[in-house]
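> Only the shape, not the letters, is given here:
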């Protein structure tokens, strides 16, 4: 008899923190026979959008993780499971491979989002790209602040060694785009995401449409996975990128930094 497990959330975190929560639960319940796992992000999500027709935020961006809907699962005694999070600040290769296997098995990004990724990725044609994700706003609570100049030094080093001619920059802070563009000019490529202009974390910004906040960061993470080489720092976004594409080469550029702020 099929058992149903439901991954919930009632936590005000970023999209990829929730995504890694889903993968963490799948690591456990994928091993159980006759078990189907679903995701219910109907309540407590900062990405709720009054204009979106679906109540479950997970289904804004992804297909359901099982071939049954939530209503049917709940009607058949689905068990809501406790929150599990099984990712460290750095992703080891064993965890990365397991995550990639689970993504390939369970995760299907909505077709309209995949289409946007493929359309924008045409800007990458003929270029050798370094991917860079600069997370600012509230991220200093999770990892130390890294100045722009440190990123510049890493970009210059790896660009020189690897013959990279372009930089795909993802960030939640508009001032970062301005700073990097002043330094690198037309070498910078950015997706037209909503970004903070006042230092406030986007997922806490109620004036921004909830759906758009999630779509932008998902598209950016998928595009980072298409670059030739990723300068990775501690972030759920880049955790996703390296797990989404096992062929993506990357380096953790902040392993030497303390995991707290002075």
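Structure received. On a predicted model such as this, the values are computed, not experimentally measured, just so you know.
> How far does the helix or strand residue 71 falls within sit from its chain's centre?
Taking DSSP states H and E as the criterion, residue 71 maps to helix 70-75. Offset of helix 70-75 from its chain centre (Cα atoms, centre = their mean, to the nearest Å): 28 Å.
> which other helices and strands contact it?
With contacts defined as 3 or more Cβ pairs under 8 Å, 6 or more residues apart in numbering; DSSP states H and E, helix 70-75 has these neighbours: strand 3-8, strand 35-40. Just so you know, the C-beta spots here come from the backbone N, C-alpha and C atoms, and that holds for glycine as well.
> partners of the first one, with directions?
Strand 3-8 has these partner strands in its sheet, going by DSSP bridges: strand 35-40 (parallel), strand 79-80 (parallel).
> what's the following helix or strand after the shortest one?
With elements assigned by DSSP H and E, the helix or strand that comes after strand 79-80 is helix 93-106.
> Any chance you could list what contacts that next one?
23, 26-27, 30, 37, 65, 86-88, 91, 242-246 (Cβ atoms under 8 Å, 6 or more residues apart in numbering).
> I would like a PyMOL command selecting only the buried ones among the residues you listed, please.
Typed into PyMOL, the next command selects the buried ones out of the contacts of helix 93-106 (criterion: 16 or more other Cβ atoms under 10 Å):
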select buried, resi 23+26+27+30+37+65+87+91+242+243+244+245
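> Among the contacts of helix 93-106, which one sits closest to residue 152?
If you rank those by distance to residue 152 using Cβ to Cβ, residue 242 comes first, at 22.2 Å.
> can you pull the contacts of that closest one?
The neighbours of residue 242, taking Cβ under 8 Å, 6+ apart as the test, are 91, 96, 225, 230, 232, 248, 250.
> Show me how far whatever helix or strand it lives in is from its chain's centre.
Under DSSP H and E, the secondary-structure element containing residue 242 is helix 236-244. Relative to its chain's centre, helix 236-244 lies at 6 Å (Cα atoms, centre = their mean).
> same question, stretch 84-101
Distance, centroid of stretch 84-101 to centroid of chain: 13 Å (Cα atoms, centre = their mean).
> for that stretch, which positions count as buried?
84, 87, 91, 95-96, 98-100.
> export those residues to a markdown table and tack on distance to residue 9 and pLDDT?
Conversion of these to a markdown table gives the following (distance: Cβ to Cβ, whole Å; pLDDT from 0 to 100):
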| residue | distance to residue 9 | pLDDT |
| --- | --- | --- |
| 84 | 11 | 88 |
| 87 | 15 | 90 |
| 91 | 21 | 92 |
| 95 | 21 | 95 |
| 96 | 23 | 97 |
| 98 | 21 | 97 |
| 99 | 18 | 98 |
| 100 | 23 | 98 |
